[in-house]
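Structure of the sequence below:
(2 chains)
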Amino acid sequence: MNSFTDLFDTYNWNETKASIYAKTPADVEQALSSSKRTLEDFKALVSPAAAPYLEQMAQISQQLTQKRFGKVLQMYVPLYLSNECNNICTYCGFSYDNKVKRKTLSMMEVMQEVAAIKEMGYEHVLLVTGEDNVNVHVDYFKKVLQLIRPHFAHISMEIQPMDEEDYAQLIPFGLNTILVYQETYHQEDYKKHHPKGKKSNFKYRVETPDRLGKANIHKMGLGVLIGLEDWRTDCFFTALHLNYLEKKYWQSKYSLSFPRLRPYSGGLEPKVEMNDRELVQLICAYRLFNEEVELSISTRESPAFRNNIIKLGITSISAGSKTNPGGYTVAPESLEQFEISDERSPAEISRLIAAQGYEAVWKDWDNCLA
Amino acid sequence: MLKIADKTFSSRLFTGTGKFSSAALMEEALLASGSELVTVALKRVDVRNNENDDLLIRLKYPHINLLPNTSGVRNAKEAVFAAQLAREALETNWIKLEIHPDPKYLMPDPIETLKATEELARLGFIVLPYIHADPVLCKRLEDAGTAAVMPLGSPIGSNKGLKTIDFLEIIISQSNVPVIVDAGIGSPSDAARAMEIGADAVLVNTAIAVSANPTSMAAAFKMAVAAGRMAFEAKLALPVSHAVASSPLTAFLDE
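Have a look, this model is predicted:
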């Protein structure tokens, strides 16, 4: 198998969806009692039939997560470098057709933002951009990485998909992790939501993790944007993708995110709503399916939800986030990607974590490691 | 007393520092364990400003020796670099060598581990490598100058106990260096069993850190390790599956 496409093409969206909705309580019970869960078990765990088993799922999820990761949560924060973007994405504040002034941070501005982030205590940072291959390209990223590497223990990036050689070039500059979300695995809908720009190429995006694996990236993050399509089916394909990648690129680590569509001015209303109960079901299903994968939650979620999710299976959490370039100090009023929901400070979140019998971990990597 | 390289230990329970719900609880549990050798992941501590590191501060006791580990490295070259950094930052030439290129099951790479052990021993490190329960690899590591071997009992963090016991017994019977059973020990009875079969020490982390009461669990492990060792030294009676009442096969010799 050359890439995920070869496997993905053997699946049909509607049939997959129907098979998830056909799962029965007996399938769920079988999945719960198994010690090594399969993709079919995952389907049962995300199906409507699993809803009455949520407490049981949560208890197993908590136990498995503690065994693997301990009673700790990794703290991270995004640093938006740019909101320039040539793609049209119907759900995103940075969409090309959103006619608002754009900004890309200069090196001086990057350092001012870094200072503000370090002040909050962070050692793990996530660099975020839109997709502007003219101004925000490999050379820009190299400069930024070189500049900030001495200040962080771990650097992740959520940027436009690139070629294998580009990733291979960035890794020696201190890149540890790439997050690349498929948004949706529904090909026709993907085209509707991404009508213009390089991102409209479904195949190039869905094969990005393969290119990352070939570049021997330390860690990659996957996920779909929940709200675009049936979440159960989309998350099944995420699990399928993860399963494929883990076996093929066995030296890389993996993380999953499950962002729910958030409002921005003039943006899209979710086609599919996912309530809190369903999000908990998804988190637990991911954990029961894969004991080793990191699960990450952002400030998109509400304070009340985040307060209660800490012990249920997630392993990393952001706090005090800004979703606009310069948001921490340089240009607080610049265009943001989405409205955050939990505005509490990292110190507050850290105290909240401690109050629940967990420890907030700020550093769990070192820039001396590859 | 257990002797490894130039150090002697009265406790045969080695411990880890990860997965605890707070640094204070870790400190309390490690004190209850009586452990004198405590491993610390280099990636978790602030090596440049280690005087103020909240984890290291908790380990400043005269009886606690630090054992930095290389968790996170994927090959021998990275491991040697990390060991050198640890030596400089933590002022110890002891290193727990962990090379697991597979981040899912954290399986140790025997080839890179052997290479790194040769290089680190040459550079004057006291090397304690985390390895599969592979008797031949243990002998090769001895030749390479290892100070001890740390075979796994079962997959790390799995709490599954001594799944590799047959191989551990071979390793123990052949070894000229201390054998420390690392990884997979889930309960005090597992630790006691490892000591009964003649392991020189055990390393326990997850089973203590993730228990509902880490301090009590640490104390339980302390007692189990001491009991297991005492039983080993007292020479366990061999298990007998049936009584030997008569000698049907050899009785003719007495006729």
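
Which residue does the stretch 201-350 of chain A have closest to chain B?
Nearest residue of the stretch 201-350 of chain A to chain B, counting by CB to the nearest CB: A:Lys253, 4.1 Å away. The C-beta positions use only the backbone N, C-alpha and C, and glycine is treated the same way.

measure that residue to A:Asn216 for me?
12 Å (CB to CB, to the nearest Å).

residues in contact with B:Asn159?
A:67, B:184-187, B:206-207 (CB atoms under 8 Å, 6 or more residues apart in numbering or on different chains).

can you rerun that using 10 Å?
A:67, B:153, B:184-187, B:190, B:206-207, B:210 (CB atoms under 10 Å, 6 or more residues apart in numbering or on different chains).

Could I get the phi/psi values of the residue lying closest to A:Ser298 once chain neighbours are set aside?
Taking CB to CB, 6 or more residues apart in numbering or on different chains as the measure, A:Ser298 lies nearest to A:Ser318, with 5.0 Å between them; neighbours along the chain are not counted. Backbone torsions of A:Ser318, given as degrees, to the nearest 10, read phi -100, psi 160.

Same check on the one 10 residues further on?
The main-chain torsion angles of A:Tyr328 are listed as degrees, to the nearest 10 and equal phi -80, psi -40.

now swap in B:Ala209 and tell me
According to degrees, to the nearest 10, B:Ala209 has phi -60, psi -40.

what do you get for A:Pro78?
Dihedral angles for A:Pro78 - degrees, to the nearest 10 - are phi -80, psi 150.

my read is A:Thr16 is in a helix, agree?
Yes - counting by DSSP: H, G, I helix; E, B strand; the rest coil, A:Thr16 is part of a helix.

what's the following helix or strand after the host helix or strand of B:Ala83?
Using DSSP states H and E, B:Ala83 sits in helix B:76-90. Counting by DSSP H and E, the next helix or strand C-terminal to helix B:76-90 is strand B:94-97.

Run through the strands of the chain in chain order.
Unless you meant another one, I'm taking chain A. Taking DSSP state E as the criterion, chain A contains strands spanning A:72-80, A:124-128, A:154-158, A:177-179, A:219-223, A:253-257, A:294-297, A:316-318, A:359-361.

That was the other one, I meant chain B.
B:2-4, B:7-9, B:13-16, B:37-41, B:65-69, B:94-97, B:126-131, B:150-151, B:180-182, B:201-204.

other SSEs contacting the third one?
Read that as strand B:13-16. helix B:23-33, strand B:37-41, strand B:65-69, strand B:180-182, helix B:188-196, strand B:201-204, helix B:206-209, helix B:214-233 (3 or more CB pairs under 10 Å, 6 or more residues apart in numbering or on different chains; DSSP states H and E).

same check, this time on the fifth one
Packing contacts for strand B:65-69, counted by 3+ CB pairs under 10 Å, 6+ apart, involve strand B:13-16, strand B:37-41, helix B:76-90, strand B:94-97, strand B:126-131.

Same list (the strands of chain B) but as TSV, adding mean neighbour count.
Formatted as TSV, those follow (neighbours: other CB atoms under 10 Å in any protein chain shown):
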stretch	mean neighbour count
strand B:2-4	16
strand B:7-9	14
strand B:13-16	26
strand B:37-41	23
strand B:65-69	22
strand B:94-97	28
strand B:126-131	26
strand B:150-151	26
strand B:180-182	29
strand B:201-204	28
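
before we move on, back to that, in a markdown table, list the helices and strands packed on strand B:13-16 along with distance to A:Leu39 and mean pLDDT.
Formatted as a markdown table, these follow (distance: least, CB to CB, whole Å; pLDDT from 0 to 100):
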| stretch | distance to A:Leu39 | mean pLDDT |
| --- | --- | --- |
| helix B:23-33 | 38 | 95 |
| strand B:37-41 | 33 | 95 |
| strand B:65-69 | 35 | 95 |
| strand B:180-182 | 33 | 96 |
| helix B:188-196 | 33 | 96 |
| strand B:201-204 | 35 | 97 |
| helix B:206-209 | 28 | 93 |
| helix B:214-233 | 36 | 96 |
